[in-house]
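Engineer: predicted coordinates and the sequence they were generated for:
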Amino acid sequence: MKILAGNSNLPLARAIADYLDLPLTDASVRRFADDEIFVEIHENVRGEDVFVVQSTSAPANDHLMELLICIDALRRASAARITAVTPYFGYARQDRKPGPRTPISAKLVANLITEAGADRVLAVDLHAGQIQGFFDIPTDNLYAAPVMAADILSRGKVEDLMVVSPDVGGVVRARALAKRLAENVPLAIVDKRRDKPGSSEVMNIIGDVTGRECILIDDIIDSGGTLCNAAAALMEAGAASVTAYLTHGVLSGKAVERVSNSALKELVITDSIQPTEATLACDRIRVLPIAALMGEAIRRIADESSVSSLFD
Ligand code: R5P
């Protein structure tokens, strides 16, 4: 088995390799003067089971192209099996046509990864489970929920908790987290209406959050609008506190500043996307590592053993 890292999240790739007690594959991913990407693998990979770790986070197009070129280099070097490991799978929110004459870019990206030569895909908390079906190669979708649940349980009393989905689409994810915390942890839903992409408006809270320590759960924080508006609405509705758990800290634009000035007690993200310095410097944001989860899944894929039992 070999682990090859793109440039998008080297600390996570190194941590995964450490978990597996392997060195990272000796390779260079660099740029020509005109910005074209060039990949060179400096060791033999013929017949190897190779895992390419690359989040397609910002700059999404560059990181995606790096991933495709790494896969192409491995295929031409006769790797036996290539797994595209995308801790954060970008373009996932473009998973359907929002209107006429618009693309389904998540499907296009799935096609590109497959055509480049990937034999399988390993992702974490895909924005929509059905994106697995966009690939005609095996796709494992890991959940950060066990890591989050362990963190929540280590920090407070379960009796006061209420798990909250920031929108109707996230209810299944919220219910799954609630079940992991304990029997009968109540759920609430924020009925979010979004007028146009990039803006969000909270309309209603479904459920009584009075006096509750609310745990908001979502897959992505991008501009932070969804989350910060939801936190404000929950506090207004009488919640005792609001802590948010998000898998992918996209945190674009002024999101970190928005979180700092929000009603959130704390924002907990994973390192599926490499945190920026601003994120690490923000005392309201904490990063949970997922290298062990990903490393264990990779070990099981390589051993041909069960990945789903990781979540039992
Ligand atoms: C939407 O369906 C996603 O699950 C997130 O809620 C959304 O992408 C967050 O975006 P933002 O932070 O820009 O509100």
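Structural biologist: That came in fine, so what should we check first? Residues are numbered from 1 along each chain as shown.
Engineer: spatially nearest residue to the residue of the stretch 1-150 of the chain found nearest the ligand (excluding sequence neighbours)?
Structural biologist: Ranking the residues of the stretch 1-150 of the chain by distance to the ligand (C-beta to the nearest ligand atom) places R93 first, at 5.9 Å. All C-beta spots, glycine's among them, are computed from the backbone N, C-alpha and C. Closest residue in space to R93, ignoring its immediate chain neighbours: H127 at 5.4 Å, by C-beta to C-beta, 6 or more residues apart in numbering.
Engineer: for the stretch 1-150 of the chain, what lies in contact range of the ligand?
Structural biologist: Residues of the stretch 1-150 of the chain found near the ligand (C-beta under 6 Å from any ligand atom) are R93.
Engineer: count of residues packed around the residue of the stretch 1-150 of the chain closest to the ligand?
Structural biologist: 16 (other C-beta atoms under 10 Å).
Engineer: ok but it is inside a helix, no?
Structural biologist: No. Counting by DSSP: H, G, I helix; E, B strand; the rest coil, R93 is not found in a helix; it is coil.
Engineer: for it, what are phi and psi?
Structural biologist: Per-residue torsions, R93: phi -80, psi -10 (degrees, to the nearest 10).
Engineer: again, but for Y19
Structural biologist: According to degrees, to the nearest 10, Y19 has phi -60, psi -40.
Engineer: residues contacting it?
Structural biologist: Y19 is in contact with 291-292, 294-296, counting by C-beta atoms under 8 Å, 6 or more residues apart in numbering.
Engineer: can you give the contact residues for stretch 103-118?
Structural biologist: So stretch 103-118 is contacted by 52, 56, 64, 67-69, 71-72, 74-75, 82-84, 89-97, 121, 127, 131, 134-137 (C-beta under 8 Å, 6+ apart).
Engineer: ok so A302 is a strand residue?
Structural biologist: No. The assignment for A302 (three-state DSSP) gives helix, which keeps it out of a strand.
Engineer: worst mean pLDDT across the helices and strands of the chain, which element?
Structural biologist: strand 201-206 (a mean of 79; mean pLDDT, DSSP states H and E).
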